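In: I'd like to go over a predicted model; first the sequence, then the structure.
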Amino acid sequence: MRDKKIEKLIKSEEKRQAEGLELIPSENYVSEDVLRANGSVFTNKYSEGYPGRRYYGGQDFTDQVETLAIERACKLFNCKYANVQPHSGAPANLAVYAALLSPGDTVLGMDLSHGGHLTHGHPMTLPAKIYKFVTYKMKNPDTGEIDYEEMRRVAIAEKPKLIIAGFSAYSKTLNYKKFVEIAREVGAITMADMAHIAGLIAAGVLRNPFDDGFDIITSTTHKTLRGPRGGIILTREDEEIAKKIDKAIFPGIQGGPHMHTIAAKAVAFGEAMTPKFKKYALQILKNAKAMEQVFHKNKIRMIGGGTDNHLILADVFGSLGVTGKEAQTVLDEVGITLNMNSIAGDTRKPLDPSGIRFGTPAITTRGFKEKECACVAELMIKVLKNKDNKKIKESVHKEIKKLAKKFPIPKKFV
Ligand SMILES: *Cc1c(COP(=O)(O)O)cnc(C)c1O
C-alpha cells in the first residue's frame, strides 16, 4: 500500500491479533473469502433502494449479490423476509423502532445492568429520547432466571408496543415462549436482538426465537455469525412488518447500502450453512463450559451461576477483590483481551465495575478445544490472584504467546 502510515498500522493490528488471545465475546475473525468480498469493488457502487427497485443504474450485479444475501439469510434463520442493509446492530434496532413505533410509545426490554444492550433504552441513546423504555430483570442473579412474573406485570401496566428479548452480557437461556405469551396477552410485537448468539442459532445449537413465534430478529453479522461488521433484520412471516422495516431502513434512517459488506454477509451466510460451522458452534459452547468449570472450581462467582452460551460474566471484585478495570488491564498485559462489565446490583461505577465479561467465539475459530480453554481460564485466574507479581505475569504472557503461535488465525473455514 502507498499510504505507509496506514499500512504500518494495519500490520501492527495484524500482529496484535495474531499474538494475543481474543476473549471479547462480541469479536471474531473472518475468513479470507469474507475479507475479499468486504474489500471488493462493490464499495464503489451506489444502490439506493432494493433489488429490482433502485434509484441508480448499473445494478446488474448488486441486485444479484443482495438477492443472494437475502435468500441465504432466510434459509439460515428459517424466515420469510430479510433486510440485509443495516450498517450495524444499532441501526438495525433503530430501524425496527422507527418502523413499528410512534414517538412516545413504550418498549419493554432487558435492564441494562442485568445484561441488556445500550440500544434497548439507555438514557444516552436517541431511541430513549423518542420512546419510553421499561425493563424486566433477572429474578436471581445467581441462577440468571428472568423474572417472568414481573415482566408480565410490567407489560400489563405499561402496554408496550414492542417487547425485546436479547442481551450483550447474559449467559443463560431465555424462555422465548414466555415472551410470546406475554406479548400476545398485551398485543405487543416481539423482537429478539440476537446480535451475540446469531451464529449459534444459525448453526442450530441454540434455540431459534422464530420457532417459538417471535415476529422479528435483529442481529449483527460480525459476532458469533463470523461475518463482516454489519447488521440484519429478519421477519418471520408478516409481510406488512417486513415492508415497514424496509422503508425504515431506506429511506428512513440510511442512504445507499454498503454493497461490499452485503457481499461479505452473503459469503458469511454461505459459510454458516456448512456442517463445519455447526461443529464450530458446538465447540464454542463446549469451550465456554470448560472455562466455566475452572472458574467454578476456583469458587469465582459467575452471574447466572455459569453459562449456557458463549460467554461468562464473572464477579471478580466480589470473589477476588480485583476490580473489573484492574482485571482488564492486568490481563491485557499478559496478552488476553476481554472487557470489564457491570454486574446485576453492582455497587461500583461503570468505568470500574465489579465484573469481567469474556467468551469463546474467537479462540474457538483459532481451533482451541476444551483443554486449551481450561488452560486459558487457569492462567487468567493465576494472573488475577497475582496481579502485582511481575515474574508470574511474565511467565503467563510467555505461555499465552506460545498458545497463540500454536493456533494461528485460520484463513479458510470451509
Ligand atoms: C453488539 C450488539 C448490538 C450493536 O451492534 P453494533 O454493530 O455495535 O451497532 C446491538 N444489540 C446487541 C444485543 C448487541 O450485542
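Out: It's in. Note that the structure is predicted; figures quoted are calculated from it, not measured.
In: Would you map the strands across the stretch 101-250 of the chain?
Out: Along the stretch 101-250 of the chain, the segments classed as strands by DSSP state E, counting those that start in this stretch run 106-110, 132-136, 162-166, 189-193, 216-220, 231-235.
In: mind checking which of these is nearest residue 404?
Out: Residue 404 lies closest, by Cβ to Cβ, to one member of the strands of the stretch 101-250 of the chain: strand 216-220, at 25.2 Å. C-beta: built from backbone N, CA, C; applies to glycine.
In: The closest one vs the ligand: in contact?
Out: Yes - judged by Cβ under 6 Å from any ligand atom, strand 216-220 comes into contact with the ligand at residue 220.
In: hmm, back to that, same list (the strands of the stretch 101-250 of the chain) but as CSV, adding mean neighbour count, mean pLDDT and distance to residue 337.
Out: Below are these laid out as CSV (neighbours: other Cβ atoms under 10 Å; pLDDT from 0 to 100; distance: least, Cβ to Cβ, whole Å):
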stretch, mean neighbour count, mean pLDDT, distance to residue 337
strand 106-110, 24, 97, 25
strand 132-136, 20, 97, 30
strand 162-166, 26, 97, 24
strand 189-193, 25, 98, 24
strand 216-220, 28, 98, 18
strand 231-235, 28, 98, 23
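In: and the closest residue to residue 164 other than its chain neighbours, how far is that from the ligand?
Out: Spatial nearest neighbour of residue 164, chain neighbours left out: residue 109 (4.0 Å); criterion: Cβ to Cβ, 6 or more residues apart in numbering. Per Cβ to the nearest ligand atom, to the nearest Å, residue 109 is found 10 Å from the ligand.
In: hang on, isn't residue 109 packed against residue 122?
Out: No - using Cβ atoms under 8 Å, residue 109 makes no contact with residue 122, being 10.1 Å away.
In: what sits in contact with each of the two?
Out: Both residue 109 and residue 122 lack any common contact, where contact means Cβ atoms under 8 Å, 6 or more residues apart in numbering.
In: In contact with whatever residue of the stretch 251-400 of the chain ends up closest to the ligand, which residues?
Out: Taking Cβ to the nearest ligand atom as the measure, the stretch 251-400 of the chain has residue 311 as its residue closest to the ligand, at 10.1 Å. By Cβ under 8 Å, 6+ apart, the residues touching residue 311 are 25, 169, 171, 196, 288, 357-360.
In: Which ones among those residues also lie next to the ligand?
Out: Restricting those to those near the ligand - Cβ under 6 Å from any ligand atom - leaves residue 196.
In: Which of the contacts of residue 311 fall in helices?
Out: In this view, those that belong to helices under DSSP state H are residue 288.
In: Turn the contacts of residue 311 into TSV, columns for neighbour count.
Out: TSV is the format used below for those (neighbours: other Cβ atoms under 10 Å):
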residue	neighbour count
25	30
169	25
171	26
196	28
288	26
357	27
358	29
359	29
360	28
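In: Redo the strands of the stretch 101-250 of the chain as TSV? Include distance to residue 329.
Out: Below are the strands of the stretch 101-250 of the chain laid out as TSV (distance: least, Cβ to Cβ, whole Å):
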stretch	distance to residue 329
strand 106-110	28
strand 132-136	31
strand 162-166	29
strand 189-193	30
strand 216-220	27
strand 231-235	31
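In: can you count the residues close to residue 246?
Out: Using other Cβ atoms under 10 Å, residue 246 is surrounded by 20 other residues.
In: repeat for residue 148
Out: 16.
In: In this protein, what residue lies closest to the ligand?
Out: For the chain, Cβ to the nearest ligand atom, closest residue to the ligand: residue 89, 2.3 Å.
In: thought that residue was touching residue 217?
Out: No - Residue 89 lies out of contact with residue 217 (Cβ under 8 Å); the separation is 11.7 Å.
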